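>>> Return a 3D structure for these sequence lines:
(chains A, B and C)
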Amino acid sequence: MNLRRWFLLPARAMQVLFFAVPLGIVVVLSVLTRGDYGGAEQPWSSESYRRLFDPLYGLILWRSIWIAALATALCVLLGFPLALYISRAQKYRSLLLQLVILPFWTSFLIRTYAWLFLLRDTGLVNTALLKLGVIHQPLPLLYNDGAVLLGLVYGYLPFMVLPIYAALERMDPSLAEAAADLGAKPLSIVLRVIAPLASAGVLAGSLLVFIPCLGAYLTPDLMGGGRTVMVGNLVQNQFTTARDWPFGSAVSLALMAITALMLALFLRRAPAESP
Amino acid sequence: MLELRKVSKAFPGHVAVQDVSLTLQPGEFFSLVGPSGCGKTTTLRMVAGFETPTSGEILLKGELLNGRKPQERNVSTVFQNYALFPHLSVAENVAFGLRRRGVRDPRAQVAEALRTVRLEGKEQRLPAELSGGEKQRVALARSLVLKPDVLLLDEPLSALDPQLRRQVRAELKLLQRNAGITFLFITHDQEEALSLSDRVGVMNDGKLEQVAAPEEAYRRPASRFVAGFLGEVNWIGGTAVRPEATRISPTSCGQALPCRVVHTTFLGSVIRVNVECGECVGSTPSAELFPHQTGFATGQTAYLHWDRADELLLPS
Amino acid sequence: MSKLLGWYAAFLYAFLHVPLLILIAFSFNSSRFSVWEGASFTWYRAMLNDTQMAEAAWHSVIIAVFSSLLATAIGTAAAYGMWKHKAPLLQGSLYLTLVTPEIVMGISLLALFQWIFRWMPFRLGLGTVIIAHVAFSIAYVAIVITARLRTMDPALEEAALDLGASEWAAFRRVTLPLLAPAMGAAALLALVVSFDDYVITSMVAGVDSETLPMVIYAMARRGVNPVLNAVSSVTVVFFGALILLSERVRAQ
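Predicted coordinates:
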């Protein structure tokens, strides 16, 4: 019907003008050469893509994938028991869920700053430990890969808990009861009966965590202090300080390609699920 | 009033309606009846304008309806789940169509419509506060107030519990008589169709198998399907007879068919006796007895007989 | 085992919430060090006196309000349009928006604006930020509205048409009122997402259109500043209250 087409028009226009066209420009930029004053100019060149394979940048890429994967795995390990707990809760279930969702409504920047406040050399943790005499010098809790991991897990844990909870909630509780009836121990029930059935939730949650972590910018920047460089930082750097837009574009497209690959793999595994 | 000329509707994969032709007379209560998936709802939706016929014409008072949008047709629909607007009061629901027509003050007409369906006093209620029967009456009032040429009812009684259904049936029939509006009534319940309608149309698998008055369709079904759908049938050899026309006696007489009693069921007003016989392979025809008549024991030999006049003449 | 789970859950909830609570607590600390030295409103006063922060906060509010209103309107229209008729390209593209890394969205929009500014007399500023925010918020709104539409009986609009309403009247008088609560929730979501955004905003904001997150980021980068604790507390409490209020309203 005609009305429908009018309704779709604004969104379609926005998507074309401010999503498709910008990405198209990025593609064009990636095959140009760096200008003297920043920006990009002729001649056409595949230099940017060649530099992608430079071991220095390859390292950054691999490190990003590794950190994102590790963060995802940690989220699964930490998040699954919590989701299990909530799904078994008799009362207060909605409150428990809200407490998980609540951090999402708080600024990611502020939550990251909270950890800066706690972990810096003169932060609460170090001050307390020094006062107690446990240590004599402040621990370098920040500005390393571990801090970045902490920040990422802290930030994205809710995105893992909720899909797993949703999957567990849909599960038939009598299955676990039947297993217990047949003599299985609680842990074994979790591992053998519950976990496999919740795997769809784990998969969805992994996608919701891995993809943002891969392209993370704020966390490695603030908690990694410039030492832990991930792909997101590299891109930002090329478009600001380094003023190498062609190369930054190439890196962006590489990031998007990996993201798309992950998505395709996920959709292959679970075609009926949608986050 | 309403005429369908060889109307068909094909969806990718299957044909929902095939060459349906029928004519509704003004003021008639017409039921389209058939099992789920037979195409009756699709036919109704084509008359309402929610589906477009793949071929065929639909005419209302001689004018072609094909191509006209639902809002441009003077037909009104009562939906299966009533589709009352939850955020509007009963009065506002009933007034909705009038307001779309530009009526500034619909209160008088709304009041009259609510009086017709006996819902005075509930003007300010919200649909969520009403019972199923009340919701149905609001839906009716909402459509009737627009004085449509034809009222389309999509299984309006199926959402009600059986107790309520009988009562509402009677009210509906009375309402139709008084209002004089042509009703096109869709149902899968043959009892409903037979008891309410001036004429019934029996549909099966997209095709209209018979259009006739209820008694005619019941006594002289045009096909095996119609016979079996509208009531129970005893298939004995090449003959079809209704159970209520089948007699059973302990002794043979005349052309009676020998059989053996398999089962007797007490149904309250009648006793049903199921038998098996040589000619009735694969089925257990039944005869009906009144409780005061002598009963039969399982395994007993008995004799079935019936009036030839009661035989259903069906094409082979 | 459920006892173990219970303890574990408590620990994890603490992990999720304690850092923020400590942050808020120390915003009332009279000293700037991480040692408690008595309660005080010093940092709140400092925050209120900071003109740069006040201006940035004002920018953030304007951007959030405008972008959320626009995004809600466009996103609702899109979700409605996709309700009964498939629009696979639009739907796919909206999903793509959600999975695209923020930094990539940011730089691509920057590239677009710089290219446009070669011919048109505009600069990076509040306008470009608002456009960017609308661009990424539409998808969120569409998701919320689509979820609501799935539970809506399509017969309602059919009934409206049947009774003589035009398609537009059916939308305006039947569907839209029923969508209103969901639109409110979507607008709130867009508001919060916009107010908090740093990455994309930093790429497309001009020199005189700083937002609160940008100021917070700069301060956080320089080191820990108790004024930041104060700002954080105010932001957290304000939005927390807003969310709780909206949940209350929705529960009715």
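>>> thought residue C:149 was touching residue C:80?
Yes: with contact defined as CB atoms under 8 Å, residue C:149 reaches residue C:80; the gap is 7.0 Å. Any C-beta I mention is one placed from the backbone N, CA and C, and that applies to glycine too.
>>> Now do the shared contacts for these two.
residue C:179 (CB atoms under 8 Å, 6 or more residues apart in numbering or on different chains).
>>> Is residue A:127 part of a helix or strand, or is it coil?
Classification of residue A:127 using DSSP: H, G, I helix; E, B strand; the rest coil returns helix.
>>> which one is it nearest to, not counting chain neighbours?
The spatial neighbour of residue A:127 that comes closest, neighbours along the chain excluded (CB to CB, 6 or more residues apart in numbering or on different chains), is residue C:34 at 4.5 Å.
>>> ditto for residue A:213
residue A:68 is the one closest to residue A:213 (CB to CB, 6+ apart), at 3.8 Å.
>>> Please see if the helix or strand hosting residue C:232 touches chain B.
Assigned by DSSP states H and E, residue C:232 belongs to helix C:226-251. No: using CB under 8 Å from any CB of the partner chain, helix C:226-251 never reaches chain B; the gap is at least 15.7 Å.
>>> For that helix, which residues meet the burial criterion?
C:226-236, C:239, C:243, C:246 (16 or more other CB atoms under 10 Å in any protein chain shown).
>>> from these, which is closest to residue B:111?
Among the buried residues of helix C:226-251, residue C:246 lies closest to residue B:111 (CB to CB), at 39.9 Å.
>>> Would you state the strands of the stretch 51-200 of chain B in chain order?
With DSSP state E, counting those that start in this stretch as the criterion, the stretch 51-200 of chain B has strands at B:55-60, B:63-64, B:75-78, B:150-154, B:182-187, B:199-204.
>>> closest one to residue C:124 among those strands?
Closest among those, using CB to CB: strand B:75-78, at 55.4 Å.
>>> Report the rounded mean pLDDT for that closest one.
The average pLDDT for strand B:75-78 rounds to 95.
>>> Export that strand to PDB, keeping only CA atoms.
Provided in PDB are the C-alpha atoms of strand B:75-78 (Å, rounded to 0.1, in the frame of the first residue of the first chain):
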ATOM      1  CA  VAL B  75     -20.300  -4.200   3.900                       C
ATOM      2  CA  SER B  76     -19.300  -4.600   7.500                       C
ATOM      3  CA  THR B  77     -17.400  -7.400   9.300                       C
ATOM      4  CA  VAL B  78     -17.800  -8.900  12.700                       C
END
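>>> can you give me how far it is from the chain middle?
From the chain centre to the centre of strand B:75-78 is a distance of 17 Å (CA atoms, centre = their mean, to the nearest Å).
>>> which neighbours does it have in its sheet, and in what orientation?
strand B:150-154 (parallel) (DSSP bridges).
>>> ok, back up a step: elements contacting the one helix or strand the residue nearest to residue A:213 maps to?
Per DSSP H and E, residue A:68 falls inside helix A:55-88. Helix A:55-88 sits against helix A:47-52, helix A:93-105, helix A:145-170, helix A:199-214, helix A:231-239, helix A:245-269, helix C:2-26, with contacts defined as 3 or more CB pairs under 8 Å, 6 or more residues apart in numbering or on different chains; DSSP states H and E.
>>> Next SSE downstream of the second one?
What it means is helix A:93-105. helix A:108-119.
>>> and the residue nearest the centre of chain C, what is it in contact with?
Nearest residue to the geometric centre of chain C (CA atoms, centre = their mean): residue C:193, 1.6 Å. Residue C:193 makes contact with C:133, C:136-137, C:140 under the criterion CB under 8 Å, 6+ apart.
>>> From residue C:33, how far out is it?
34 Å (CB to CB, to the nearest Å).
>>> go on, residue A:262?
44 Å.
>>> Give me the more crowded residue out of those two.
Remark: of residue A:262 and residue C:33, residue A:262 carries more neighbours, 18 against 14, as counted by other CB atoms under 10 Å in any protein chain shown.
>>> The more buried one touches residue A:213, doesn't it?
No: using CB under 8 Å, residue A:262 is not in contact with residue A:213, being 11.0 Å away.
>>> Now do the helix holding residue C:232: which elements does it pack against?
Using 3+ CB pairs under 8 Å, 6+ apart: helix C:226-251 touches helix A:93-105, helix A:108-119, helix C:2-26, helix C:42-49, helix C:176-196, helix C:212-222.
>>> Most tightly packed of those?
Of all these, helix A:108-119 carries the top mean neighbour count, a mean of 23, counting by mean count of other CB atoms under 10 Å in any protein chain shown.
>>> C-alpha coordinates for that helix, PDB please?
Extracted C-alpha coordinates of helix A:108-119, given in PDB (Å, rounded to 0.1, in the frame of the first residue of the first chain):
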ATOM      1  CA  PHE A 108      29.700   3.100  29.700                       C
ATOM      2  CA  LEU A 109      32.200   5.900  30.100                       C
ATOM      3  CA  ILE A 110      31.300   6.500  33.700                       C
ATOM      4  CA  ARG A 111      31.400   2.800  34.500                       C
ATOM      5  CA  THR A 112      34.900   2.600  33.000                       C
ATOM      6  CA  TYR A 113      36.000   5.600  35.000                       C
ATOM      7  CA  ALA A 114      34.800   3.800  38.100                       C
ATOM      8  CA  TRP A 115      37.400   1.200  37.600                       C
ATOM      9  CA  LEU A 116      40.000   3.800  36.900                       C
ATOM     10  CA  PHE A 117      39.100   5.300  40.200                       C
ATOM     11  CA  LEU A 118      39.500   2.000  41.900                       C
ATOM     12  CA  LEU A 119      42.600   0.600  40.300                       C
END
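>>> related to what we said a few turns ago, what's the angle from the helix holding residue A:68 to helix A:145-170?
40 degrees (axes from the mean of the first three to the mean of the last three CA atoms, to 10 degrees).
>>> buried residues in helix A:55-88?
A:57, A:60-61, A:63-65, A:67-68, A:70-72, A:74-76, A:78-87.
>>> And the residue of the stretch 201-316 of chain B at minimum distance from chain A, its phi and psi?
With CB to the nearest CB, the shortest gap between the stretch 201-316 of chain B and chain A falls at residue B:206, namely 26.8 Å. Dihedral angles of residue B:206 (phi, psi; degrees, to the nearest 10) stand at phi 90, psi -10.
>>> Look up how far chain C lies from it.
To chain C, residue B:206 is 22 Å away according to CB to the nearest CB, to the nearest Å.
>>> what about residue B:235, helix or strand, and which?
Residue B:235 belongs to strand B:234-236, assigned by DSSP H and E.
>>> Relative to that strand, what are the paired strands and their orientations?
Going by DSSP bridges, the partners of strand B:234-236 are strand B:239-241 (antiparallel).
>>> List of residues touching the strand it pairs with?
By CB under 8 Å, 6+ apart, strand B:239-241 touches B:224, B:227, B:233-234, B:285, B:306, B:310-312, B:314.
>>> And the pLDDT at the most centrally placed residue in chain A?
Chain A has residue A:213 as the residue nearest its centroid, 2.5 Å off, counting by CA atoms, centre = their mean. Looking at residue A:213, its pLDDT is 93.
>>> Residue C:250 too?
On pLDDT, residue C:250 comes in at 69.
>>> ok, now residue B:272?
86.
>>> Assess the claim that it and residue B:265 are in contact.
Yes: if you go by CB under 8 Å, residue B:272 and residue B:265 touch, sitting 4.6 Å apart.
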